[in-house]
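Chemist: next comes the sequence, and after it the predicted model I'd like to discuss.
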Amino acid sequence: MPEGKYLYCIIKERGPRKFNILGQEEKGVYTINEGGLAVTVSDASQEEYSFIKENLTCHQKVIEGIMKEGYDVLPVRFGTVAKSAEDIREKILKAKRKELLETFPIVEGRIELGLRALWKDMPSIFQGILRDYPEIQRAKREAQKNPFQLKVASVGELVQKALDAEREREAQKIISPLKKLAVDLKERELLRSRDVMRDSMILSSAFLVPKKNEEEFDKRVEALIKEYEERIKFIYIGPIPPFNFVELHLII
């Protein structure tokens, strides 16, 4: 096929711009502009890009690089390829201009920050549940008395229910001081193991935070890490592209 254009994100930029960033296939990243808006692209020799880690990471890293240049970004969905610069101007920057301008306020002056929290010592969490929930103690004794009545399953269900309650309580304590600094919050689906003994994740959240609040947000996360250092492991990432709040699905 004739050389196409791989799309990364949309920014507000009047003039053509080349970035000192390498995109997919190690091609240079530049803008295609129209009326104060621009799509950041690199030349593409293929119509589709497979969902492998290398390609996905490249897509995100390019957008992060553009953010570091001071731009607010509307991320485009991974793997979006246009046939030509003219298609981008006509089918996106002109045809979708109103929609794009109405979407920009979601991200302007804001960044996405991600936080995960995991219990460090699951055996102690389960010991605490057995200690603090009398109904589980009773069910466990009944199961031991009547092992052939399949009451073990009901014990497992009670433990899982208690674990979920503990997780929710812990998550709210962690999120409470942080959400005051964010304009939006998305709770991502927890990555849970089928083995309840390894079901250690408490939360996986994305925060849309005004750039002016980033330093204070960092401090509050640091305070949480110190407060919970013996019990909870935190994974804190960002700033990253606001994929959880805006992701353009463009049909070209």
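Modeler: Everything's here; your move. Values in this document were obtained by computation on a predicted structure and should not be read as measured data.
Chemist: can you show me the helices along this protein?
Modeler: Taking DSSP state H as the criterion, the chain carries its helices at 53-68, 85-88, 97-103, 122-132, 134-145, 152-179, 214-227.
Chemist: which other helices and strands contact the second one?
Modeler: In this case it means helix 85-88. With contacts taken as 3 or more Cβ pairs under 8 Å, 6 or more residues apart in numbering; DSSP states H and E, helix 85-88 sits against strand 4-12, strand 37-44. Using the backbone N, CA and C atoms, a C-beta is placed for each residue, glycine as well.
Chemist: hmm, 10 Å instead?
Modeler: Applying 3 or more Cβ pairs under 10 Å, 6 or more residues apart in numbering; DSSP states H and E, we find helix 85-88 packed against strand 4-12, strand 28-34, strand 37-44.
Chemist: hang on, the earlier thing: nearest to residue 200, of the helices of the chain?
Modeler: Of all the helices of the chain, helix 122-132 sits nearest to residue 200, with 5.4 Å by Cβ to Cβ.
Chemist: where in the stretch 101-250 of the chain is pLDDT low?
Modeler: 132-156, 189-198 (pLDDT under 70).
Chemist: what do you get if the cut-off is 90, keeping everything else the same?
Modeler: Applying pLDDT under 90 to the stretch 101-250 of the chain flags the ranges 121-167, 187-201, 230, 238, 246-250.
Chemist: next, the buried residues of stretch 33-45.
Modeler: By neighbour count on 16 or more other Cβ atoms under 10 Å, the buried set for stretch 33-45 is 33, 34, 37, 38, 39, 40, 41, 42, 44.
Chemist: surely residue 177 meets residue 207?
Modeler: No: Residue 177 is not in contact with residue 207 according to Cβ atoms under 10 Å; the separation is 11.6 Å.
Chemist: so between those two, which is more surrounded?
Modeler: Using other Cβ atoms under 10 Å as the criterion, residue 177 and residue 207 rank with residue 207 on top: 25 against 13.
Chemist: for the residue lying closest to the more buried one once chain neighbours are set aside, the count of nearby residues, please.
Modeler: Residue nearest to residue 207 in three dimensions, not counting chain neighbours: residue 182, with 4.1 Å by Cβ to Cβ, 6 or more residues apart in numbering. The burial count assigned to residue 182 is 20, neighbours taken as other Cβ under 10 Å.
Chemist: isn't residue 182 up against residue 211?
Modeler: No: using Cβ under 10 Å, residue 182 is not in contact with residue 211; the gap is 12.0 Å.
Chemist: need the overlap of contacts for these two.
Modeler: residue 110 (Cβ atoms under 10 Å, 6 or more residues apart in numbering).
Chemist: before we move on, the earlier item: could you dump the helices and strands packed on helix 85-88 into CSV with distance to residue 54 and mean pLDDT added?
Modeler: Putting those into CSV (distance: least, Cβ to Cβ, whole Å; pLDDT from 0 to 100) gives the following:
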stretch, distance to residue 54, mean pLDDT
strand 4-12, 14, 96
strand 28-34, 16, 96
strand 37-44, 15, 96
